[in-house]
Structures are given as C-alpha cells and as structure tokens.
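[1] structure of the sequence below:
(one chain, ligands or ions: 1)
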Amino acid sequence: MCSTTPAIQRVLRPDFAVMRCVRRRWGLCLAVAWVVSVALSAVSTVRAGESAAPYRFPNPGSAFVVAVECQLMLADLKQAEARLAQGTEPPGPALLAELDAMTRRTEDTLGPLAVLVAVSPRKAIRDAGEACDRDYQAYASHFQQNAAVYARLQQVQPADDIDRRFLRDTLDAFEDSGVALPVDRQQRVREINDELTALTQTFERRIREDRTQLFFTRAELAGAPTGVWQRAPRDARGRYRLGLEQATVFPLLENATVPATRERMWRAFQSLGGVENIETLAVLTQRRRELALLFGHASYADFVLRRRMAHSEAEVQAFLSTVKDAVQSRELTDLAELRAEKAAHLKQNLDTTVLDRWDTSFYAERVRRARYAVDQEQFRRYFPPGASLRFVFRLAERLFGVTFTPVAVSARQPLWHPDARTYTVTDRETQAHLGTLFVDLYPRADKFNHAAVWSLRNASGLADRRPAAALVVNFNRQGLTLDELETLLHEFGHALHSLLSKTRYAAQGGTSVQLDFVEAPSQMLEDWVYDPQVLRLFAEVCRQCKPVPPALLAQARAARDFGKGIQFSRQHLFASYDLALHGREPAEPLALWAQMEGATPLGHVSGSMFPAGFEHIAGGYAAGYYGYLWSLVLAEDLRTAFVADRLDARVGRRYRETVLANGGQVAPAELMQRFLGRATDRRAFFNAIEK
Ligand SMILES: [Zn+2]
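    Got it, this is the predicted structure:
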C-alpha cells in the first residue's frame, strides 16, 4: 500500500510514518469483479497473456500505446457487460466466472499502469496512465449501475461459502455505486465518482512531482550523516541542495544539531502538497459527504464503515478511546523526558525550555543513544540494500517455504528504470511457480516517495493465474537503518500476501481484504527484525556482511519501547482527524487539523499543513486510517503463534495456508480463528503498547 504509519513506524516519526502501505488504487473495483472473456487483442503491448510462467512486465513504448490499450480494454469490458446483461440461461457459477474474467482483463491493463503512474521516469506515460484510470473509473461507475446485470447477479445461487462471499461483495459494490437509486441520483453518483478519481490523482501528483529544494551550508548541516548531503549538488555559494525525499528528511531531522536547520526541513516537509492540496482535500471531503447523503447516510464514515470489520463509527471511536486511555499519561512522560534532554543539551533552564515539533525526532535519538547506546545510523554498515532484500527473501524461504530467484533483465523488454528488478517466486518443495515480484529500491526524481506495494495482478484459481506485485521503497544506497529494514519487511509482508494467495477469484486475491485487516500480515512481521536468530540469516545471503553486534541489537530492542506514548498518540490523532473530517459535521481540513493538533501537548505550529501531504486520506484510506491501529491488534495476536520461534516453519506454513492463501475470500475474523484456533483477543495489543 504507502505508510506510516501508522503503521507504527518507529517512534517519533510522527508525521512521517504515514507512508507504509499497500496501494489499493484500483481497489474501488476490487470488491467488484470486472470483466470478461478475454478477447485479447493482437496489439497488446501493455497486456500479458495468461500463463503459469513468470509474468513479464509490459512496458509500453509510448503514451499513444497506453491510450490505445486502454481503449481496447474498455471495448472488451463493454462487450462482456453486454453478454452478462443479455444472458438467456439462468445465471449460475458461470456468471461469476465471467466476472472474474473481467477482473483479469482489467488487471492486465490497469495493474502495470498503476505501477507506472507511480514510478515511470516518463511524464507522458504517467499522465497517460492517470487518464486511463479516469476513463476506467468512469466506466466502472456505469457498469455497477447496470440494473440488468445486477438483477442477474441477484439470481445466482452460490455453490459454497467462497462463491457466497464473492457474490455478496459484488452485490455490495453495485449497491454502493447506486444501482438501486433513482436515475437522477445515479447520474450524480457517477459525476462525484469521476471527480473523486481526478481529485485524488491531482493530490498525489503534487506530492510526487514536488520540486522543493532547500539549501544548507556545511555548518548548518552539522550532525547530519554525511550520506545525506555529501554527494548532493551545490549552488554557486557552495551550499548543499537537498530535496524532500524520506531518505534525506528523516536522518536530517534525527541528527542535525542546528535547530534552525531542523525547523526549515520540518516546515518544508510539513508543507508538501501545499495550500492547493488543502483546497483539494476540502473538495474531496465535501463530495464524499454528498455521496453518502445520496445513499441516505449521515456521513462518509457511516457509508464506508458498514462494510468493514469495525462495522460502525461508534465501534471505531470506542476502540480509539481505549487506545488513548492506554497511552495518554505515557505521552506526557515521554515528552517531559525529551524536554529535559533538550534543556540539558542546550544548558538551559528546564522551566523555560520549550520542546518544538522539529525537536522530537532529534531528542528521541539523543535519548536512545545516551540511554541505550543506539544510533540508527550505525546499522547502515550491516544492512546493504541488496543484501537486505536477499535477507527478507531468505526469511520467506525459511518460514513459508518459498524461493525468490532473480530474473535477468531483458534488453528487448526492459523495466521502467535500470534500478528496477524482477524475481520469480517458487514453492521450495514442489518447485511450482507461484508468482512474480518487481522491486524498485532507490529514490529518484518524480518517483513515489514513500514505501508501498502494488498488487498489480491477483491469483485466480479459475484461470490458473499467478499473482504479481511491485515493491517500491526509497532507500539510501549505502545501507539501511534497523528502522528501514523493518519498513522493508513490512512492505515485503504485503507482497507475500499477494504472492502467496491462492484464491478462486482475482477480485479477492491477496491484499483485497477488508481495509481494517489489510495491514495485519505486514505489521506482524515488523517484529522479526529484532530477533537475533532471524538476523543471523544475513550471514547466509551476504558473506562479506559483518554480523550486527548482539549488544547493539539488544540495545535497539530495549530502545524500541521508548517514545511509544508519543507514537501511539500521534496515530490516534491521525485516525481521529480522518474520522472527524469524514464525519457528520462539515469541516475545513486545515482549520480542523489546527484545532485537533492544537489540543495535543505540543500544539499546532502555525503555517504547517500536514494534511496537504496526507495521501492516505486523500485516497483509499479515507475514514480508514484507524485501520492501522485496528490491524495492529490483529497483528499482535497473530504474533503470539510465533512467540516460541519466529522461524518455526510449521507455524509459518500453517499461516501461509490459512491466512495468506485465502486473501479476501474468507472473513478476517474467520481466518484468525482458523490460524489461532480461538477468537481474536486484544490483550496482546494492549500489553504491547503499555509495556
Ligand atoms: Zn502497510
């Protein structure tokens, strides 16, 4: 998906953790199966054929090819829709198979384009991909308002629980598109959905194509790791020119000793997206509210939460309150410690020392170094990027019995950039081909600047189709910190969810699960990087890599809990803000943020505009950000099965076969029950955050 997450990124990355996620851009239709018998065109340069062989990423030669392929896709979908609507036979499982064929046809074109929109160095290709997305979403709105297709779907008698769930998800998607509304309201729903697609694209594009540059003298960069600035371009005055990539911003905020340097970088990062994105977010939330009202719901949160595990806003609010109660006093203790550290560092009187927002990462790192002798920068020498990737592959091999093998780059059909790589995934025992993974590790201009996974192609048992996923991160070429290794493992968890799924229908493959469950399998794995037994796998994949000193890792584990009060309070704020913005009372995004952040102990910094870069809620996580905390409850519970041995292959295999293999074709609560042998329990989560 895009992260932080709330995902519980390690401490004090308050605002940044927002980007570890799984991308569900096409997810509007995920719940829905699209289409049809695959009349594959001979022109297909964007598409790839069905096969159990490794999937070859179709790299279109021009924007024109993208546009042509997009029109071919839409023509195929419309033909399939006509067949579905006019069928004379009583509808049966064949109709569900037709829907699966439509999903696959859609993925063939849109799956790779979704990745290219985020990573292609060619603006014309990115723009053509966005245009195709808009055309497709417009078509999808029409399709899901087709009353004849809906009527036939309602007549289908599901053969088993998998068909029943797929059918229910599909009918829900039609109903949420307005198939049962009066015609005038249907028209407005389509208009709003078209507008939402365009607005979200615009919001994301402003962040991705941001050209902000900051200039710093060598003295101003005191304390910042040399890897951040040493090779940066310099201006005529010799100042170093830095951008807003995470690989630059985070280490600088954690290490730069000059407060004005941190403040400048923090303010710039907090303005990513700019005032224009605040205005776009305002329109997005207004349109979402109008959409909910058209369906008779009082808020967008009410409209979407009824389809989630949490069921209702009241249940989410009750959960968030419990989290807040658990961490509130701890947040104050954490902040008091950081303020004391600042006073001591600057030799100031504690009473007159004020902790600023651009101080938190810096002083948290200082406390960690002082108290636990841990400096995240120390880890880079142990975790070269390539070896780190091989390490997570080896972990998957041990735990889940799968092997990742690099595929040579084809000169005839290169990927989108020379840094991108292809790997095939096979079952270690049977040697069966399971799927294909694409990886893009390093930052560059115009590239999506967080960390995320795109499930561009899902498993379909009906078509013997294997999944494909793309893992996109932005790491320092010199190596990863332990935090970044955790991020890599988190994203890899999303990729495994896609690649190891064996669902009957592509629309339910891998990460196509309810939004408040989707982070759980990834969050579960984050814990693994603190286990010395797990880290020893590095030696198996990198002979020249020196092992992490056991004492350093032990200190990192001890330091891990420091700052949890701040971290969880921040997540609580993000989730509460998202719910309030999509709640019953209309609100202006920046004013609401200033008010809610202003009520926290560190207050709101005038001029900062965090929501302008809050991609989650501009996109698919609207009224869904709470899902990171909600999923973490499930992740902590899943971890209990591995508590004795995080490399236990028997438990890993059982997890693969019960949780990962089923994707979204079984309800999350049932998956948890099957794997754990009991109902979900929140105690592990609250024990962990109160530890
Ligand atoms: Zn994630």
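
[2] so who does residue 664 touch?
    Contacts for residue 664 (Cβ atoms under 8 Å, 6 or more residues apart in numbering) come out as 30, 165, 169, 503, 507-509, 512-514. In short, each C-beta sits where N, CA and C put it, glycine included.

[3] equivalent analysis for residue 403, please.
    Going by Cβ under 8 Å, 6+ apart, residue 403 touches 393, 397, 425-428.

[4] when you check the ion, which of these turn up near it?
    Residues of the contacts of residue 403 in contact with the ion (Cβ under 5 Å from the ion): none.

[5] I'd like these as JSON lines, with distance to residue 591 appended.
    Listed next are these as JSON lines, based on distance: Cβ to Cβ, whole Å:
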{"residue": "393", "distance to residue 591": "47"}
{"residue": "397", "distance to residue 591": "51"}
{"residue": "425", "distance to residue 591": "48"}
{"residue": "426", "distance to residue 591": "54"}
{"residue": "427", "distance to residue 591": "54"}
{"residue": "428", "distance to residue 591": "55"}
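
[6] and these, which of them are buried?
    Neighbour-count burial (16 or more other Cβ atoms under 10 Å) is assigned, among the contacts of residue 403, to 393, 397, 425-426.

[7] identify the residue nearest the residue in the stretch 251-400 of the chain that the ion sits nearest to in space, chain neighbours excluded?
    Closest to the ion within the stretch 251-400 of the chain is residue 392: 14.4 Å, counting by Cβ to the ion. Computed as Cβ to Cβ, 6 or more residues apart in numbering, the closest residue to residue 392 that is not its neighbour in sequence is residue 492, at 4.6 Å.

[8] and the protein, what are its domains?
    Domain ranges of the chain: 21-207, 211-271, 380-560, per automatic domain parsing.

[9] give me whichever of these is most buried.
    domain 380-560 (a mean of 21; mean count of other Cβ atoms under 10 Å).

[10] for it, the distance to its chain's centre please.
    Relative to the mean C-alpha coordinate of its chain, domain 380-560 is positioned 13 Å out (Cα atoms, centre = their mean, to the nearest Å).

[11] nearest to residue 318, out of the domains of the chain?
    Nearest to residue 318, of all the domains of the chain, is domain 380-560, at 14.1 Å by Cβ to Cβ.

[12] who's in contact with stretch 201-211?
    Against stretch 201-211 from outside (Cβ under 8 Å, 6+ apart): 118, 130, 133-134, 243-244, 272-274, 276-277, 280-281, 284, 446-449, 613, 615, 618-619.

[13] output that stretch as PDB, nothing but the C-alphas.
    C-alpha atoms of stretch 201-211 as PDB (Å, rounded to 0.1, in the frame of the first residue of the first chain):
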ATOM      1  CA  GLN A 201      -4.800  11.900  -8.800                       C
ATOM      2  CA  THR A 202      -4.100  15.600  -8.500                       C
ATOM      3  CA  PHE A 203      -3.400  15.400  -4.800                       C
ATOM      4  CA  GLU A 204      -0.900  12.500  -5.300                       C
ATOM      5  CA  ARG A 205       0.700  14.100  -8.300                       C
ATOM      6  CA  ARG A 206       1.500  17.300  -6.500                       C
ATOM      7  CA  ILE A 207       3.400  15.300  -3.800                       C
ATOM      8  CA  ARG A 208       5.200  13.000  -6.300                       C
ATOM      9  CA  GLU A 209       6.300  15.800  -8.600                       C
ATOM     10  CA  ASP A 210       7.200  18.300  -5.800                       C
ATOM     11  CA  ARG A 211      10.400  20.200  -6.700                       C
END
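
[14] now it: mean pLDDT?
    Across stretch 201-211, pLDDT averages out at 92.

[15] ranges for the strands of the stretch 201-350 of the chain?
    Counting by DSSP state E, counting those that start in this stretch, the stretch 201-350 of the chain has strands at residues 214-216, 240-242.

[16] now those strands as a markdown table including mean pLDDT and distance to the ion?
    Converted to a markdown table, these look like this (pLDDT from 0 to 100; distance: least, Cβ to the ion, whole Å):
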| stretch | mean pLDDT | distance to the ion |
| --- | --- | --- |
| strand 214-216 | 98 | 29 |
| strand 240-242 | 97 | 27 |
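
[17] reformat these as CSV; add distance to residue 307.
    Listed next are the strands of the stretch 201-350 of the chain as CSV, based on distance: least, Cβ to Cβ, whole Å:
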stretch, distance to residue 307
strand 214-216, 43
strand 240-242, 43
